[in-house]
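Undergrad: Any chance you could fold what I've pasted below:
(chains A and B)
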There are 2 protein chains.
Amino acid sequence: MAPDSLSATFAALADPTRRAILARLTAGDVSVKALAEPFQMSLPAISKHLKVLERSGLISRGRDAQWRPCRLETHKLKDAVDWLEGYRRFWERNLDQLDSYLEELQAKEKNNDLENP
Amino acid sequence: MAPDSLSATFAALADPTRRAILARLTAGDVSVKALAEPFQMSLPAISKHLKVLERSGLISRGRDAQWRPCRLETHKLKDAVDWLEGYRRFWERNLDQLDSYLEELQAKEKNNDLENP
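TA: Below is the predicted model of the structure:
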C-alpha cells in the first residue's frame, strides 16, 4: 500500500534531525552544503534526510542545477495540524476535568480549615 | 539513541490503522477484541499497533487483567500540536501572500475592464 500523505508527513517528522532541518529553513532557503554544516553529518546522510522531507512535501528543492536550495513547504504541516486539531476538545476536556478536581480539592480543604481551625 | 518523545509520537501517528484506532477511542474506552473487529485484522496485528501507541503514550491500558481496555491519552497529541503551531506563521504568511497576489490580479483585471470596456 502506498503511504498516504498524512502518514508520510508524520513519518518525516518522526526524526529530530529532520525537524531541526525544517527549523533551520524557517530563516530562508539554504543550500545542502550550508544545511549540513551545523549537523556535523556527512552530505550523503543529510541528503537522505532531505529526500524523505522532499518526498513527503515538507520541503522543495530549487531548479538551479548548481545550487538547488532547500525551501520549507508548509501546507503539509497545516494538514497535520488540522488532523490533530480534531482531538483538541479531548485534551481540553481533560484539562477542564483537572480544573474541576483541583477546585473540588480546594473547596474541601477550605471546609476542613473552617471545621478544624 | 533512544527516540525522543516527539519522534515517538509522530512515528506512532504515521500509520492509518493507528490513527483509526485513536479515532475509535474518542467514543470511549474499548477492549482489544472490540477494537479489532472493524479493522478485519488479527488480534496479534492489532496488538502490535496498540504496543506502538502505548509506548508512545498515545493510549493507556486499564489495569483489569481480564479486560485491559484501551484509553485515548491526549497529552502527547497536544505536544505534537504545540510543536506544529510554531510553524503556523509560515503557512499563514503563504496564505497572506496568495491573498495579496489574488487581490493584485483582480485589481489588474478591473483596470483592464475599465480601459477596454
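
Undergrad: which residue sits closest to the most centrally placed residue in chain A, ignoring its sequence neighbours?
TA: Ranked by distance to the mean C-alpha position of chain A (C-alpha atoms, centre = their mean), the top residue is A:Leu13 at 6.2 Å. Residue nearest to A:Leu13 in three dimensions, not counting chain neighbours: B:Phe10, with 4.2 Å by C-beta to C-beta, 6 or more residues apart in numbering or on different chains. All C-beta atoms are positioned from the backbone trio N, CA, C, and that covers glycine.

Undergrad: For burial, what's the neighbour tally of the one you found?
TA: B:Phe10 is flanked by 26 other residues according to other C-beta atoms under 10 Å in any protein chain shown.

Undergrad: A:Lys110 now?
TA: Neighbours around A:Lys110, by other C-beta under 10 Å: 10.

Undergrad: Around chain B, which positions in chain A sit nearby?
TA: A:3-4, A:6-11, A:13-16, A:19, A:22, A:26, A:72, A:74-75, A:77-78, A:80-81, A:83-85, A:87-88, A:90-91, A:94 (C-beta under 8 Å from any C-beta of the partner chain).

Undergrad: Just the ones in helices from those, please.
TA: A:6-11, A:13, A:16, A:19, A:22, A:75, A:77-78, A:80-81, A:83-85, A:88, A:90-91, A:94 (DSSP state H).

Undergrad: Among these, name the buried ones.
TA: The neighbour-count test (16 or more other C-beta atoms under 10 Å in any protein chain shown) marks A:6-11, A:13, A:19, A:22, A:77-78, A:80-81, A:83-84, A:90-91 as buried among these.

Undergrad: Quick check: buried residues in whatever helix or strand A:Lys48 lives in?
TA: Using DSSP states H and E, A:Lys48 sits in helix A:43-55. Using 16+ other C-beta under 10 Å as the test for burial, helix A:43-55 gives A:46, A:49-50, A:52-54.

Undergrad: ok, now stretch A:66-80?
TA: A:69-70, A:72-74, A:76-78, A:80.

Undergrad: hang on, the earlier thing: which elements pack onto the helix holding A:Lys48?
TA: helix A:5-13, helix A:16-25, helix A:32-36, strand A:59-61 (3 or more C-beta pairs under 8 Å, 6 or more residues apart in numbering or on different chains; DSSP states H and E).

Undergrad: Alright, I will stop here.
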